[in-house]
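> Sequence plus predicted model, see below.
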Amino acid sequence: MITLNDCLLVSGMLFALGVAGVVLRKNMLVLLMSLEMTLNAANLAVVAFSHFNQKVSGQVFTFFVIAIAAAEVAVGLAIVVGLYRTRQKIDVDSVMELKS
Amino acid sequence: MAEFQQILFWVFSIAMLTAGALMITRDNLVNSAMLLIQVFLCMAGIFLLLHAFFLAIIQVLVYAGAVVVLFLFVIMLLRPEDAKTSAFSPLANAGAIGTFAALCGVAMYTVSGTPAAPSVASGALAQAEPAAAGLREVVQPVFGQYVLAFELTALILLAAMVGVVVMSKRDAANSLDTPNRLDAIDANNDVTTPLAQERTES
């Protein structure tokens, strides 16, 4: 029997891994990947609540989160490509100011 | 059956957390992307166990398919030496481990402090087992109660698309319109190209 607590524990640990990735890595692509993982952890929590409360609106919410995450990653990757064009680097440290 | 589901749940969870931990520590970006696929697929498996069938399919299609392919495209645009990262600084290591430990501690403390499962929900779960979140059950509220949010999502996707086009187009336009290019054409062309011809006429 899967319990709500198990799901929340896994979700919390995945979220912690995502935040640790954002702290650890300077590479902008891995940073974006960690962000995606964080969003996924939140999705897991919402779906678990939705399942154990017998309500489907949580899944609708997750559907919207997935759509927003897709838009976010598209813009983020465009920013990475633009950064790489101007600075030849994708390290976060290379962007100390907005002016190029 | 319930035990089997629980075993599957922990298999998926452990595979997912391992892949996540490996993902944030790999040097090679392609390895990271592949491990990200594993995270997404395991998450889709957990969604299936939670009877969220539609979301499991969306997870595979959108995340493991589209998003990771986007990442791989950008990785392939980089030079190979840029796709690797330098050694991690000890400060970042300590910060990451500290963050992970702190957040895990918070999660475990919170979860262990709450009673096992809401009894109402588990009772309801026992008698009405199929939470039946197929396509119809998920999509009906999307086009009914949440139709405004749905339209706004469409707007956001459109805005993101236009933004990406503008961001990647501007540089190309600049590099094409530089006067150097016209001069270069003039300099090494005896036979007049239409572009150069037009320029001499004016």
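Alright, I've got the coordinates.

> what are the ranges of the helices in chain B?
Secondary structure of chain B (DSSP state H): helices at B:2-23, B:29-49, B:53-58, B:68-77, B:90-113, B:119-127, B:135-143, B:147-176, B:179-187, B:194-201.

> Next up, the contacts around the most centrally placed residue in chain B.
In chain B, the residue lying closest to the centroid (Cα atoms, centre = their mean) is residue B:67, at 4.5 Å. Residue B:67 sits next to A:36, A:69, A:70, A:73, B:40 when contact means Cβ atoms under 8 Å, 6 or more residues apart in numbering or on different chains. Quick note: C-beta positions are derived from backbone N, CA and C, even for glycine.

> Narrow those to those that are buried.
Among the contacts of residue B:67, those classed as buried by 16 or more other Cβ atoms under 10 Å in any protein chain shown are A:36, A:69, A:70, A:73, B:40.

> Select, out of the helices of chain B, the one closest to residue A:84.
helix B:68-77 (7.1 Å; Cβ to Cβ).

> ok, the closest one near chain A or not?
Yes - with Cβ under 8 Å from any Cβ of the partner chain as the criterion, chain A is reached by helix B:68-77 at B:70, B:71, B:73, B:74, B:75, B:77.

> returning to what we had before: show me the contacts of residue B:67 that map onto helices.
Those of these lying in helices (DSSP H): A:36, A:69, A:70, A:73, B:40.

> quick revisit: give me the buried subset of the residues of helix B:68-77 next to chain A.
Neighbour counting by 16+ other Cβ under 10 Å classes B:70, B:71, B:74, B:75 among the residues of helix B:68-77 next to chain A as buried.

> neighbours around the nearest residue to residue B:139 once chain neighbours are set aside, how many?
Closest residue to residue B:139 apart from its sequence neighbours, by Cβ to Cβ, 6 or more residues apart in numbering or on different chains: residue B:54 at 7.5 Å. A count of nearby residues for residue B:54, using other Cβ atoms under 10 Å in any protein chain shown, gives 20.

> what's near enough to touch residue B:54?
If you count contacts by Cβ under 8 Å, 6+ apart, then residue B:54 has A:59, A:63, B:133, B:134, B:135, B:138, B:139 around it.

> what about the fourth one, how many neighbours?
Using other Cβ under 10 Å as the criterion, residue B:134 is surrounded by 14 other residues.

> mind listing the helices for chain A?
Under DSSP H, chain A gives helices at A:4-24, A:28-52, A:57-87.

> Redo the ones you listed as a markdown table? Include mean pLDDT and distance to chain B.
Converted to a markdown table, the helices of chain A look like this (pLDDT from 0 to 100; distance: least, Cβ to the nearest Cβ, whole Å):
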| stretch | mean pLDDT | distance to chain B |
| --- | --- | --- |
| helix A:4-24 | 91 | 3 |
| helix A:28-52 | 93 | 4 |
| helix A:57-87 | 90 | 4 |
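
> Now render these as a markdown table, adding distance to residue B:151.
Below are the helices of chain A laid out as a markdown table (distance: least, Cβ to Cβ, whole Å):
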| stretch | distance to residue B:151 |
| --- | --- |
| helix A:4-24 | 29 |
| helix A:28-52 | 21 |
| helix A:57-87 | 11 |
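
> closest to residue B:13 out of those?
With Cβ to Cβ as the criterion, residue B:13 lies closest to helix A:4-24 of the helices of chain A, at 4.5 Å.
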